[in-house]
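1. Would you be able to build a 3D model of this:
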Amino acid sequence: MSAKFTVSFAGPLVSVQDYGRPGSMRFGVPRSGPMDRTSFAVLRRALEQNEGFAAIEVSIGGMVLKCTEGNVTAGFVGGNFSVSLDGQPQSPWSVFTIRAGSTLTIRPGLEGSWGYLGFCGKINSSEWLGSQATHLASGLCGHPLAAGATIEVSEAKVEAGFTCSLPIPDFARFSGNVRIVPGPQDDCFAPETLGALVSEPYEVTQDYDRMGMRLKGPSLPIAEELSMPSEALVRGAVQVPGHGDPIVLLADHQTTGGYPKISTVITADQDQLTQARARDKVRLASATPAEAVKLARAQHAKVTTYLESIAELRGSFEDRLRRSNLISGVVGDEF
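-> Numbers count the residues shown, from 1 in each chain. Okay, here's the model as predicted:
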């Protein structure tokens with residue numbers, strides 16, 4: 001059984017993403033994958049999909065889909081968008097069933113820049129190097145979804161028991177505070193420049209896409225004329241080109257580069273940073289490598305606990321009440 005959709009509207013940078021292409025950067029191929037990997041993982045667990053799961057990454061511009069054929073259970077997770085099905089509001093993070101003739105509308109809400117729409121089934125899209133992740137800059141595995149595009153979900157299933165509204169956890173919200181580990185080229189900058197990096201807030205600019213996020217604030221001039229060879233880059237690296245504005249590298253970042261990297265955003269803060277919007281303020285704070293490892297482990301524990309709680313949030317209020325361990329099982333008709 002399959003379900004088919006027609007895209008009535010799609011904002012910029014809406015694309016199909018899975019976990020990406022790990023291990024391919026040495027061949028000059030960016031990993032790509034979701035901007036917010038934590039939200040993507042929550043969606044996968046909520047729909048109980050396997051490791052090859054792919055979803056539609058929806059940007060702040062939103063998306064409108066019309067189901068033209070079939071029925072399928074779907075979910076949306078990420079940010080705090082406005083989601084409605086046939087005009088009926090859904091929770092920003094929720095699982096619901098879409099039926100033939102229905103229209104799903106996703107609009108920007110109170111906060112967040114990226115959300116994920118997935119299905120109990122497989123999105124049929126181009127695949128390369130074992131991944132459906134779209135690299136938008138090169139057109140690898142396709143281009144951004146636009147009005148008029150069709151989406152087919154094969155092996156579509158209706159899983160009524162998956163229906164739920166999920167709370168938005170604090171670890172998935174942009175807090176405004178981002179921790180960084182200095183280096184690897186922090187020695188290319190004067191001490192006062194390094195101090196400026198963490199002393200005043202920066203502002204997220206409009207120059208923000210899947211490759212990176214440009215911040216505006218205290219300028220970060222290089223201490224002296226620099227000639228360094230191009231070298232491998234990692235997600236979260238904060239590179240500083242000649243204009244002096246730091247750029248945080250994100251999901252579609254290039255594989256190599258020759259600009260100095262003044263610092264790197266720690267793993268625990270990378271996903272929530274992607275949920276920032278243009279004009280949001282970002283305050284950077286230094287962390288040691290040991291602190292970064294400790295924070296990554298703590299973040300993993302929080303996410304794991306949240307994922308394990310999803311099963312208890314499924315179903316109607318009555319379903320959840322029946323699963324509860326109530327004292328005494330006898331109530332009168334008046335209840």
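2. alpha carbons only for contacts and neighbour counts from here, please
-> Noted.
3. What about residue 128, how many residues nearby?
-> Each residue near residue 128 was counted by other Cα atoms under 10 Å, and the total is 11.
4. try residue 173
-> Other residues within reach of residue 173 by the criterion other Cα under 10 Å amount to 19.
5. show me the contacts for it.
-> With Cα atoms under 8 Å, 6 or more residues apart in numbering as the criterion, the residues that contact residue 173 are 79, 112, 272, 275.
6. Run a quick neighbour tally on the second one.
-> The reference is to residue 112. Residues within reach of residue 112, counting by other Cα under 10 Å, total 22.
7. Also the third one?
-> For residue 272, the count of nearby residues is 26 (other Cα under 10 Å).
8. quick one: it is in a helix?
-> Yes - going by DSSP: H, G, I helix; E, B strand; the rest coil, the assignment for residue 272 places it inside a helix.
9. For it, which non-adjacent residue is closest in space?
-> If the residues on either side of it in the chain are set aside, residue 272 comes closest to residue 174, at 4.8 Å by Cα to Cα, 6 or more residues apart in numbering.
10. Can you show me the strands along the stretch 201-335 of the chain?
-> Under the criterion DSSP state E, counting those that start in this stretch, strands of the stretch 201-335 of the chain are mapped to 202-208, 212-216, 231-232, 237-239, 247-249, 256-257, 261-265, 281-286.
11. I'd like those as TSV, with mean neighbour count and mean pLDDT appended.
-> TSV is the format used below for these (neighbours: other Cα atoms under 10 Å; pLDDT from 0 to 100):
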stretch	mean neighbour count	mean pLDDT
strand 202-208	17	98
strand 212-216	22	98
strand 231-232	12	90
strand 237-239	27	97
strand 247-249	24	98
strand 256-257	16	90
strand 261-265	24	97
strand 281-286	19	97
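12. The ones you listed into CSV, with extra columns for distance to residue 67?
-> Written out in CSV, the entries for these read as follows (distance: least, Cα to Cα, whole Å):
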stretch, distance to residue 67
strand 202-208, 31
strand 212-216, 33
strand 231-232, 43
strand 237-239, 40
strand 247-249, 36
strand 256-257, 41
strand 261-265, 40
strand 281-286, 39
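13. re earlier: how much space between the residue nearest to residue 272 and residue 188?
-> In this view, residue 174 and residue 188 are 30 Å apart by Cα to Cα, to the nearest Å.
14. Looking at these two, which one has more neighbours?
-> Each of residue 174 and residue 188 has its neighbours counted (other Cα under 10 Å); residue 174 has more, 23 against 19.
15. my read: the more buried one touches residue 273, true?
-> Yes - contact between residue 174 and residue 273 holds when scored by Cα atoms under 8 Å: they sit 5.8 Å apart.
16. Listing request: residues of this protein with sub-threshold pLDDT.
-> Screening the chain residue by residue with the criterion pLDDT under 70, one finds the ranges 225-226, 316-335.
17. which one's the longest helix in it?
-> In the chain, assigned by DSSP state H, the helix with the most residues is helix 289-313.
18. Of all the residues in that one, which ones are buried?
-> Neighbour counts over helix 289-313 (16 or more other Cα atoms under 10 Å) mark 292, 295-296, 299, 303, 307, 310, 313 as buried.
19. Tell me which stretches of the stretch 51-200 of the chain form helices.
-> Using DSSP state H, counting those that start in this stretch, the helices found in the stretch 51-200 of the chain span residues 191-199.
20. need the strands for it, in chain order.
-> 55-59, 63-69, 72-77, 80-85, 88-90, 94-98, 103-111, 114-119, 122-123, 150-154, 164-165, 177-182.
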